[in-house]
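Asks: kindly return the folded structure for what I paste below:
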Amino acid sequence: MVNMESKEKQQITDISFILKDLLKVIKVVSLYPENNPLPQSLKRSFAERLEYIVATYGEIRVVVKKDRLLYKNEVVFRDRSPEDSLASIFFEIGITAFTIKEILDINEIYRFLKIMKEYVNNLDKSDDLIALIWEADISFISFETLENKALSQYDDFDDFFTKGSDDEKDWLSYETGSDKAESYNSIFDNQDS
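Replies: So this is what the prediction gives:
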């Protein structure tokens with residue numbers, strides 16, 4: 001039992017450190033030119049540590065709150081100031097959670113860090129971070145957003161129309177101003193008469 005608790009504490013500690021490293025790398029990459037050896041070295045060491053942690057613990061799902069990040073309901077990162085804010089970067093654009101998957105590619109990690117640099121350095125924050133990541137074909141990280149939650153209520157939308165009861169489909173027939181009811185689809189028929 002003690003060994004299991006010790007492993008869980010180590011896991012929480014390791015994930016906390018990798019998130020702190022992520023913020024540090026984002027800050028350094030954002031401040032220094034691309035060809036400077038410092039960001040190159042930090043990116044490489046971060047990618048290696050991230051690979052090790054994911055290989056050791058498997059997929060990592062982090063829940064995003066306004067000023068903190070949680071892993072298995074434990075706080076693994078807390079924003080300390082506007083300069084040391086990782087949680088708010090994600091929170092402010094509507095990310096509610098992110099998952100780092102077991103399949104990692106160092107080139108994807110580098111592309112992710114480059115996108116984070118562009119996003120952090122964009123003063124008006126007009127870029128859509130999630131779209132930038134998606135467009136860069138980065139698959140090792142996935143996001144859950146407020147938009148996903150809002151749209152999930154429509155997952156069964158098609159089923160309503162195709163598998164609903166006759167009572168549910170009754171509203172699909174309605175008066176169109178003529179003396180007879182027409183089916184919903186008939187209003188889209190191209191009638192040349």
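
Asks: from now on I want contacts and neighbour counts done on CA atoms only, so please keep to that.
Replies: Will do.

Asks: in this structure, where is pLDDT below threshold?
Replies: Along the chain, the model assigns pLDDT under 70 to residues 1-2, 4, 125-126, 147-193.

Asks: what about the strands in the protein?
Replies: For the chain, the strands defined by DSSP state E occupy 60-64, 68-71, 74-78, 95-100, 141-145, 173-175, 181-183.

Asks: go ahead and flag the most central residue of this structure.
Replies: residue 143 (1.6 Å; Cα atoms, centre = their mean).

Asks: and the strands of the chain: which comes nearest residue 112?
Replies: strand 141-145 (9.0 Å; Cα to Cα).

Asks: which elements pack onto the closest one?
Replies: If you count contacts as 3 or more Cα pairs under 8 Å, 6 or more residues apart in numbering; DSSP states H and E, strand 141-145 packs onto strand 95-100.

Asks: who does the strand it packs on pair up with?
Replies: Strand 95-100 has these partner strands in its sheet, going by DSSP bridges: strand 60-64 (antiparallel), strand 141-145 (antiparallel).

Asks: contacts for that strand?
Replies: 54, 59-65, 90, 140-146 (Cα atoms under 8 Å, 6 or more residues apart in numbering).

Asks: now the residue nearest to the centre of the chain, nearest residue through space, not along the chain?
Replies: Nearest residue to residue 143, sequence neighbours excluded (Cα to Cα, 6 or more residues apart in numbering): residue 98, at 4.3 Å.

Asks: count the neighbours of that neighbour for me.
Replies: Residue 98 is flanked by 18 other residues according to other Cα atoms under 10 Å.

Asks: again, but for residue 15
Replies: If we define neighbours as other Cα under 10 Å, then residue 15 has 22 of them.

Asks: next, the contact list for it, please.
Replies: 53, 76.

Asks: distance of it from residue 93?
Replies: Applying Cα to Cα, to the nearest Å, the value for residue 15 to residue 93 is 22 Å.

Asks: kindly report the same for residue 146.
Replies: From residue 146 to residue 93 the distance is 9 Å (Cα to Cα).

Asks: equivalent analysis for residue 124, please.
Replies: Following Cα to Cα, the distance that separates residue 124 from residue 93 is 13 Å.

Asks: the two - which one has more neighbours?
Replies: When residue 124 and residue 93 are compared for neighbours, residue 93 comes out ahead with 14 against 8, by other Cα under 10 Å.

Asks: quick one on the thing from earlier: pick the one among the contacts of strand 95-100 closest to residue 107.
Replies: Nearest member of these to residue 107, counting by Cα to Cα, is residue 140, at 10.6 Å.

Asks: check contacts around the residue lying closest to that closest one once chain neighbours are set aside.
Replies: Among residues not flanking residue 140 along the chain, residue 101 sits closest, at 5.1 Å (Cα to Cα, 6+ apart). Residues counted as contacts of residue 101 (Cα under 8 Å, 6+ apart) are 54, 58-60, 140-142.

Asks: now the biggest helix by length in the chain against strand 60-64, angle please.
Replies: If you go by DSSP state H, the chain has its longest helix at helix 2-31. In terms of direction (axes from the mean of the first three to the mean of the last three Cα atoms, to 10 degrees), helix 2-31 departs from strand 60-64 by 70 degrees.
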